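**Student:** Sequence first, then the predicted structure, then my questions.
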Amino acid sequence: MTSTELATEDLGRAYLEDVAARFAALRDLAERAVVQVDDASFFAPLGDESNSIAVLMKHVGGNLRSRFTDFLTSDGEKPDRDRDGEFVTAASDTRERVEAAWSAGWRALEWTLASLEPEELLRTVTLRGDAISVLQALSRALAHVAQHVGQIVLLSKHAAGHRWRTLSIPRAPRPPR
């Protein structure tokens, strides 16, 4: 292997390790937020055009499962995915079922990330029939998940109110006026 090939492989491995760490941090952030919310708040949207925490978790779980199951060999939009159904709270939806769908999506992603090799980053995969690189697919997924995790954290913080426990560095106390 040439020094350029080694450097490229090292860069690819570093990217895969970093993207896996970023995804893991987002999952952890969302899950630490959601445990602070009761079941009623978990399913409650802020308004008619808003998604609840449950809907966002169903969507992220469904998206990750679809995108990362058979990632290198099948289209990322699986025929059995009901994307529109992810945005509806069904009578059969319980917190446990929503959290199971969330976890299933994360397992598919984590298995795929653990199995990818640096040389596969420029390999082509398909998403809704469009050809994109593995690198692009991972970057897209990371941005998509980050957007929804931010929404989950905001909704959780809103629902928890004064009971909220910060997920990062606490603010310094404000001096009295």
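**Tutor:** In hand now; what should we look at?

**Student:** Do a quick rundown of the strands in this structure.
**Tutor:** Under the criterion DSSP state E, the chain carries strands at the ranges 124-127, 130-133.

**Student:** just checking, what's the longest helix in the protein?
**Tutor:** In the chain, ranked by residue count with DSSP state H as the criterion, the top helix is helix 3-34.

**Student:** Apart from its neighbours in sequence, what residue is nearest the residue nearest to the spatial centre of the chain?
**Tutor:** Nearest residue to the geometric centre of the chain (CA atoms, centre = their mean): Val145, 3.6 Å. Distance criterion CB to CB, 6 or more residues apart in numbering; nearest residue to Val145, sequence neighbours excluded, is Leu26 at 5.5 Å. To be clear about C-beta, it is placed using only N, CA and C from the backbone, and glycine gets the same treatment.

**Student:** count of residues packed around that neighbour?
**Tutor:** Around Leu26 sit 20 other residues, with neighbours defined as other CB atoms under 10 Å.

**Student:** what's the answer for Arg95, then?
**Tutor:** Each residue near Arg95 was counted by other CB under 10 Å, and the total is 16.

**Student:** pretty sure it is touching Ser52, no?
**Tutor:** No. Counting by CB atoms under 8 Å, Ser52 is not a contact partner of Arg95; they are 11.1 Å apart.

**Student:** shared neighbours, the two?
**Tutor:** Each of 42-43 lies in contact with both Arg95 and Ser52 under the rule CB atoms under 8 Å, 6 or more residues apart in numbering.
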